[in-house]
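S.K.: next come a sequence and a model predicted from it.
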Amino acid sequence: QVQLVESGGGLVQAGGSLRLSCAASGRSFNLLFITWFRQPPGKEREFVAALGVSIGRIFYSDSVKGRFTISRDNAKNTVDLQMNSLRPEDTAVYYCAAKPRGGVWDHDYDYWGQGAQVTVSS
């Protein structure tokens, strides 16, 4: 089993920055992807960014490319999402998810965090 806990959400004005962290515990050593999803109010969950833990690749959705950066902090055992130039349309609940196998784009992740609210005011 793997446990994921998000932290770092909050309220920020448009153009500002926030940093989310996903702390992984348990059997996290065999994970293939650790990924950030988000669900805007009234909309479906969407892919944001992913880190290929064992393959050394990073993936971004077109909507956040150039503004968000996903990275791994080995000392803290976290996967972080640095969000810059935030827009009101980035408002959502952000979820950290992980899977030991399968495709990065598929939503069939085995482990999910509880979610962190990010609100961007205009």
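M.R.: Sure thing, it's come through.
S.K.: what's the end-to-end length of stretch 36-45?
M.R.: With Cα to Cα, to the nearest Å applied, stretch 36-45 spans 10 Å between its terminal residues.
S.K.: distance between it and the chain's centre?
M.R.: Remark: stretch 36-45 is offset 12 Å from the chain centroid, using Cα atoms, centre = their mean, to the nearest Å.
S.K.: could you do stretch 112-122 as well?
M.R.: A distance of 10 Å separates the C-alpha centroid of stretch 112-122 from that of its chain, computed with Cα atoms, centre = their mean.
S.K.: ok, and for that stretch, which residues are buried?
M.R.: Neighbour-count burial for stretch 112-122 flags 113, 115-116, 118-120 (criterion: 16 or more other Cβ atoms under 10 Å). All C-beta atoms are positioned from the backbone trio N, CA, C, and that covers glycine.
S.K.: cool, stretch 26-33 as well?
M.R.: Neighbour-count burial for stretch 26-33, with 16+ other Cβ under 10 Å as criterion, is recorded at 28, 31-33.
S.K.: dump the buried residues of stretch 112-122 to a markdown table, plus pLDDT and secondary structure.
M.R.: Compiled in a markdown table, these are given as follows (pLDDT from 0 to 100; DSSP: H, G, I helix; E, B strand; the rest coil):
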| residue | pLDDT | secondary structure |
| --- | --- | --- |
| Gly113 | 96 | coil |
| Gly115 | 96 | coil |
| Ala116 | 97 | strand |
| Val118 | 98 | strand |
| Thr119 | 98 | strand |
| Val120 | 98 | strand |
